[in-house]
Every structure is written in C-alpha cells, then in structure tokens.
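**Student:** sequence and computational prediction follow.
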Amino acid sequence: LDPTLSTPEIISRFQQYLQINTAQPNPQYYEAADFLISQAKSLSLESQTIEFVKGKPLVLLKWPGTNPHLPSILLYSHTDVVPSEDHKWTHHPFSAHIDEKGNIYARGSQDMKCVGMQYLEAIRRLKASGFQPLRTVYLSFAPDEEIGGHDGAEKFYESKLFDDLNVGIVLDEGLASPSENYRAFYAERSPWWLVIKAIGTPGHGARLYDNTAMENLLKSIESIRRFRASQFDMIKVGLKGEGEVISVNMVFLKAGTPSPTGFVMNVQPSEAEAGIDIRVPPTADPESLEKRIAEEWAPIARNMTFSFKQKAPVHDKFGKPMLTKADRSNPWWTLLEDAVHKAGGKLGKPEIFPGATDARYLRRRGLPAIGFSPIANTPLLLHEHDEFLNQDVYLKGIEIYEAIIKAYASFAERGTDKGSRDEL
Ligand SMILES: CSCC[C@H](NC(C)=O)C(=O)O
Ligand SMILES: [Zn+2]
Ligand SMILES: [Zn+2]
C-alpha cells in the first residue's frame, strides 16, 4: 500500500500547511506557495505561480483532462488566514496541535486551509485509484481573501489567464455545520459598509435645544434599530434564513470633543458619526435600500451625510441577482448533491452565505460557484479563538471531495453546463 495515503501522513501534511503562518497582515505567502508546489510535484500536477501583485502569489495547479475542449473545473481556496490573539488560545494557533479527541487546533483549520488540502488529498486518492479526468481540473490557492481579495481573486477572475482556463464551475468555501448536514451556498450577501455623519449646533451641555449632532444621529440610529429588528424577527420566527435578510450592525460610534483628560463633558459636539456593516442579499432591491439610507438614515433635512467604505454590487454585470442555480436544473448542483450522498454525507437546504467570499468576483461575471466546506458535526469557529477541526471530520471531507471531483471531472455533457443563468 502507498504510504503517502496512510492517515498519519495525510494528517501530517495538513499540519504542515496549517503551521505556515499566513495570518494577515503579513502572510508568509512564499512559504505557503513553496509547500503547495511541493505537494503538486508529488502528485505530478502542473503548477504555476502568478503574482498579479508583487509579493502576493497565487498558485495555480492543473490536472489535465482527456477532453480539453470541455469546460474545466476550478477548485478554489485562499491561503491567508485572519490574525489571532495567540495567548487566548488553548494551543498556539500555528502549532496544529492534536488533542486526545483528535481535534486539530489551528487558525485556518476551518477557514480554509482544510479545503485546500482536502482537494489535494482527494486528487491523491483518485490518482492512486487510476482515475483519469475527462475534464481538466484546476486548483487555485489565492492570497488576500481575508482583506477583500482585491489583489487575489478579483484580479484573477478578471484576467485573460482565467478566461483561457474555460472554467465551467467553481467550488469555493462554505461554513462548518454543527449538525450532521453539510451546508452548501449558492449565493452570498454583498457587503455595504456605510458611514453616516451628523452635524448640528454645538452648545452648552446644560442646554436643551433642537438640531444637535447627537440628536440628529440618534434619530437615525433609532430608525436603523427598528429596521434591524424587523429583519432579525424574520429569522427568529423562521420565515427567513440568516443570509436571506438585510443585516445591519453598528460597528463604530465617533463623537465628542476630546480633551487631554478624556472628553469635554459640558459641550454638545458639532459632529457625530456611526459606522454600519450592512449585508444585502442578492434578492433584495438595492434601490429601495439606497432610498431608505438617503431618506431615513442620513437625510439632508437632518443635517446628515453618508458615504460608503465599500458597496459591493448586488447584481451581476448583466443586472441580474448573483445566484447560482441550486436545484436539479443545474447539473453541477445535481452532481454535487448526488456525490455527497454517495459518499455517505447529507446536505442541508442550499443557503445564501451571510458574509463575503471570493466567489462574488466570479458570480459578478454571471458564472456559477458553489460554496462548500465539508465540515459537519463541528462548531462554527471561523475567525474565533481555538478554531479547530477534528481529524475524522477532515478525513471524511477528503472522501466527499473524492466523490465530487470524480463526478465533476467525468461529466461528459456540454452545453448545459453553465449553472448560473438561463441565458448562458
Ligand atoms: C468584504 S471583505 C471581508 C470578507 C469577510 N468574509 C468572511 C467569510 O468573513 C466578510 O464577510 O467580512
Ligand atoms: Zn475563508
Ligand atoms: Zn475568513
């Protein structure tokens, strides 16, 4: 038996990848790229490293299919991870320590170094079994997802190089599921990062008068809170899923007249500002939200202005909601669902990803992507302390990908294989 397929070696390779410190803001991208290329060599995959931006390598691997005319499969992952407060972890976040339960502790163990390595391990098993892909399978390991993907996925998906890959379907990250059902995502919400600013008449802290900046801002905050509650209620009563409502969360408040000892206590300030993280589902009407912001949350009539730190499009470049079909009219969805079942897994109802992933830069072009991380029976710990993945869950995920990649790479039909929009 091939020793590289033994459990200790599989787990050790995962640990090696986890131990490379690719935390923002200073990810060791070249160490990660070297490791991935060494993995590619051991699997006889073709590899190239592309730096759309210097110092930020994207590693692209290729397993050529026997029919290069068919659209290819892209297995996508990002190599960077979010920072961690090391001293608050039970085990150091880059130790990849395995405890007595088989839980592997590391930043990136769920988000999403697991997925990147599972793709490779699934290919290792498929190669060992003698499987030959009909369609070409690409793997991309991209930088900077955690800081918006502008120097990674955004440039990659808009490149001529990407067009030349003739990609038919992309798999990107999903989320861990605490139940036995895997989660799969057919869309995501668009981040709108809004800053609203009120100005008003400054004055003595003891006076009651109208049109202060604080009062003006608080009126907006009240209105925002009512809207937030109305959205949250739809989740609470089970009418909508987490990704199906517009979420609105205050992330900063800025006001006051600074002094060397803190804030001046008896002056009402002339300016006050709030930052709001808004997530807009693809099915929402962006124009009515824009109207709400301009008329209710930051009306000029109340001396308010607003600006966006980020306002990701809700619709694709054809003006359609950015959705990948998640039903049996999309063969890629059908193949995924059937493969997961065949490998002994269960899939929950398809969902809208509540946060942002690199897949938005692809769906923006009207192309299909499915968000999927084969992590069941596991608490959702992405970006949290003590992020871990159990080694049995990890190994099961490899089997799941083995089934998916086999099904995707063997899929012979063409013409029907664009899963995003009817027109394609
Ligand atoms: C908008 S860039 C930041 C991306 C980040 N993604 C995740 C998955 O946490 C987010 O949704 O905030
Ligand atoms: Zn991620
Ligand atoms: Zn993340």
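**Tutor:** All right, it came through fine. Ligands and ions are numbered 1, 2, ... in the order given.
**Student:** burial count for the residue of the chain found nearest ligand 1?
**Tutor:** Proximity of the chain to ligand 1 (CB to the nearest ligand atom) peaks at residue 355, 3.0 Å away. To be clear about C-beta, it is placed using only N, CA and C from the backbone, and glycine gets the same treatment. Neighbourhood size, residue 355 [other CB atoms under 10 Å]: 15.
**Student:** so which residues on the stretch 151-300 of the chain come close to ligand 1?
**Tutor:** Counting by CB under 6 Å from any ligand atom, the residues of the stretch 151-300 of the chain lying close to ligand 1 are residue 191.
**Student:** how much space between the residue of the stretch 151-300 of the chain found nearest ligand 2 and residue 391?
**Tutor:** The stretch 151-300 of the chain approaches ligand 2 most closely through residue 173 (4.7 Å), counting by CB to the ion. In this view, residue 173 and residue 391 are 20 Å apart by CB to CB, to the nearest Å.
**Student:** mind telling me what element residue 196 is part of?
**Tutor:** Taking DSSP states H and E as the criterion, residue 196 maps to strand 190-199.
**Student:** what is the host helix or strand of residue 41 packed up against?
**Tutor:** Element membership of residue 41 [criterion: DSSP H and E] is helix 29-42. Judged by 3 or more CB pairs under 8 Å, 6 or more residues apart in numbering; DSSP states H and E, the packing partners of helix 29-42 are helix 7-19, strand 46-50, strand 58-63, helix 113-128, strand 137-142.
**Student:** pull the contacting residues for the residue nearest to residue 264 when sequence neighbours are not counted.
**Tutor:** With CB to CB, 6 or more residues apart in numbering as the criterion, residue 264 has its nearest non-adjacent residue at 4.1 Å, and that residue is residue 257. When contacts are counted by CB atoms under 8 Å, 6 or more residues apart in numbering, residue 257 touches 263-264, 267, 269.
**Student:** of those - the most surrounded one?
**Tutor:** Busiest of those [other CB under 10 Å] is residue 269, holding 21 neighbours.
**Student:** shouldn't residue 250 be in contact with residue 218?
**Tutor:** No - here residue 250 lies out of contact with residue 218, judged by CB atoms under 8 Å, at a distance of 11.8 Å.
**Student:** which one's more surrounded, residue 173 and residue 391?
**Tutor:** Higher neighbour count among residue 173 and residue 391: residue 173, with 24 against 18, using other CB under 10 Å.
**Student:** quick one: residues contacting the residue nearest to that one when sequence neighbours are not counted.
**Tutor:** In this structure, residue 173 finds its nearest non-sequential neighbour in residue 112, 4.5 Å apart by CB to CB, 6+ apart. Residues near residue 112 by CB under 8 Å, 6+ apart: 77-78, 173, 373.
**Student:** for the residues you listed, which two are the farthest from each other?
**Tutor:** Comparing all pairs in the contacts of residue 112 by CB to CB, the longest separation belongs to 78 and 373, at 12.0 Å.
**Student:** pull up the overlap in contacts between these two.
**Tutor:** With CB under 8 Å, 6+ apart, residue 78 and residue 373 have common neighbours 112, 173.
**Student:** assign a three-state SS to the most centrally placed residue in the chain, would you?
**Tutor:** Note on the chain: the residue nearest the mean C-alpha position is residue 357, at 2.7 Å, using CA atoms, centre = their mean. Per DSSP: H, G, I helix; E, B strand; the rest coil, the secondary structure class of residue 357 is coil.
**Student:** would you confirm that it contacts residue 171?
**Tutor:** No - counting by CB under 8 Å, residue 357 sits too far from residue 171 to count as a contact (11.1 Å).
**Student:** spit out the residues that contact the two alike.
**Tutor:** Common neighbours of residue 357 and residue 171, counting by CB under 8 Å, 6+ apart, are residue 371.
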